[in-house]
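Enquirer: whatever this is, show me its structure:
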Amino acid sequence: MPIDLYPAIDLRGGRVVRLLRGDYLQQTVYDVEPLDIARRFSDVGCQWLHVVDLDGAKDGRPVNLGIIENLIARSGMQVQVGGGIRTEEVLEYLLAVGAARIILGTRAVHDFEWFEKIVNDVRFRGRISLGLDARDGVAATHGWTSSNTKSMTVAQIASMVSDWPLAAINYTDITRDGTLAGPNVQATAELASLVPNIPVIHSGGVATIADIELLMHLPIAGIIVGRAIYEATLNVADAVKLLAAPAPPGH
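Expert: Alright, predicted model coming up:
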């Protein structure tokens, strides 16, 4: 299975930012223009762009739509979009303006009946990804500001969706996200084993090319990288080149 690199652009207040472990109070703002940095990703061979509207994730409605539309139209990459997308109308709109894939997280986890209907709807079939964000194995929602003992575990959710026509599952270990502490390889491997027919995209903790090499051995479809790019601990061109190389034995 080929593995794509998904450089991340997280938007808050129109700026490119990263949060530490999903904490809105621990934010780093990067002095880059979203479209400029996206084009640099495209220039070194990235095929996909991962865009999250952090304001939208917290507020429950898309906030940075103008920037997102610009990235879709002008970045030169396929764009998957998440953050605050909780209605059919927004889904239809984003697909109409050219989004390749839509990530549903909060409403998906809280309203599985609605989510199943959306995933199987002919308008959205094969275009919806589940944003499965977990803290200690428990799903978190509302821009990662909500998780409790009543929430479902990753394994429970995986068992429910394993035969659904999802485009992918974007899996994030929140405790690693934005930390540059290395990926949770075991958790991602366990999820991939539970959903062998759904592409899994890893997110969280990737800091160096060595982390990419670790993840290459898993049966996954993509690796999302954010802070490591902006703080120059990972070279995007090197990562793309590595992932384009022949798969290691046993992959």
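
Enquirer: for residue 20, see how far away residue 179 is.
Expert: Applying Cβ to Cβ, to the nearest Å, the value for residue 179 to residue 20 is 7 Å. All C-beta atoms are positioned from the backbone trio N, CA, C, and that covers glycine.

Enquirer: typed the wrong thing, it's residue 2
Expert: 31 Å.

Enquirer: look at these two and report which has more neighbours.
Expert: The neighbour comparison of residue 2 against residue 20 (other Cβ atoms under 10 Å) goes to residue 20, with 15 against 9.

Enquirer: list the contacts for the residue nearest to the more buried one when sequence neighbours are not counted?
Expert: Nearest non-adjacent residue to residue 20, counting by Cβ to Cβ, 6 or more residues apart in numbering: residue 26, 3.8 Å away. Contacts for residue 26 (Cβ atoms under 8 Å, 6 or more residues apart in numbering) come out as 19-20, 178.

Enquirer: of those residues, just say which sits nearest to residue 117.
Expert: The nearest member of the contacts of residue 26 to residue 117, counting by Cβ to Cβ, is residue 19 at 31.0 Å.

Enquirer: what helix or strand is the closest one on?
Expert: Using DSSP states H and E, residue 19 maps to strand 15-20.

Enquirer: any weak-confidence spans in the stretch 101-250 of the chain?
Expert: 141-150, 247-250 (pLDDT under 70).

Enquirer: could you pull out the helices for it?
Expert: In the stretch 101-250 of the chain, the segments counted as helices under DSSP state H, counting those that start in this stretch are 106-110, 112-120, 154-161, 185-194, 209-215, 227-230, 236-244.

Enquirer: need the ones you listed in JSON lines with mean neighbour count, can you?
Expert: Converted to JSON lines, those look like this (neighbours: other Cβ atoms under 10 Å):
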{"stretch": "helix 106-110", "mean neighbour count": "21"}
{"stretch": "helix 112-120", "mean neighbour count": "15"}
{"stretch": "helix 154-161", "mean neighbour count": "17"}
{"stretch": "helix 185-194", "mean neighbour count": "18"}
{"stretch": "helix 209-215", "mean neighbour count": "17"}
{"stretch": "helix 227-230", "mean neighbour count": "23"}
{"stretch": "helix 236-244", "mean neighbour count": "17"}
